[in-house]
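Novice: can you look at this prediction? I've put the sequence above it.
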Amino acid sequence: MKTRILFVCLGNICRSPAADGILEQMVSRRSLDDAIEVDSAGTYSGHVGDLPDPRMRRAASARGYNLTHRARTIREDDFYDFDMIVVMDDNNYETVCRLAPERRYIDKVFRMREFTTAFPDWSYVPDPYYEGADGFELVLDMLENGCEQIIAHVTEKEV
């Protein structure tokens, strides 16, 4: 059975589309396309239809990731359609939980920090939008680590 994962951040132009692109590539490289499906969304609608931030696309491209996702907002159907909704920070968590159609769907919501084990000093994935190049690199480091752990989590459940 395929596990469907939705990454969520504020605008769906930095963190969540990067996580989407990273996990998609990791899934493809491991031939797990039949096991894992990925998408991303935001809690803010101001960037709907936009490509990821050019700075994130450049930083991701330098690591071999091609980010082509178009921003969208999270919607009620996502709670029915996805097995895991992975948010980047506590504000995203609170917003997504408030949008849940029923309380039981909150069990599908995870914080990315649950998977970024190589970054124990961080309780969230910081938004690099107002940061310099180092902010984008840190976020990519965190997301690569987190996506590896998500694959381990999902494939462990299937065994």
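Specialist: Great, that's in hand.
Novice: now do the helices in this protein.
Specialist: 15-29, 54-62, 76-81, 90-99, 133-158 (DSSP state H).
Novice: show me what contacts the most centrally placed residue in the chain?
Specialist: Centroid check for the chain by C-alpha atoms, centre = their mean gives Phe7 as the closest residue, at 2.9 Å. Counting by C-beta atoms under 8 Å, 6 or more residues apart in numbering, Phe7 makes contact with 15-17, 19-20, 23, 38-41, 86-88, 112. C-beta coordinates here come from the backbone N, C-alpha and C atoms, glycine included.
Novice: at 6 Å what do you get?
Specialist: Ser16, Ala19, Asp20, Ser40, Val86 (C-beta atoms under 6 Å, 6 or more residues apart in numbering).
Novice: do the same with Val38
Specialist: Going by C-beta under 6 Å, 6+ apart, the list of residues near Val38 reads Ile5, Asp20, Leu23, Glu24.
Novice: count of residues packed around the last one?
Specialist: Neighbour count of Glu24, defined by other C-beta atoms under 10 Å: 22.
Novice: what sits closest to it if chain neighbours are left out?
Specialist: The shortest distance from Glu24 to any residue other than its chain neighbours is 5.0 Å, reached at Val38 (C-beta to C-beta, 6 or more residues apart in numbering).
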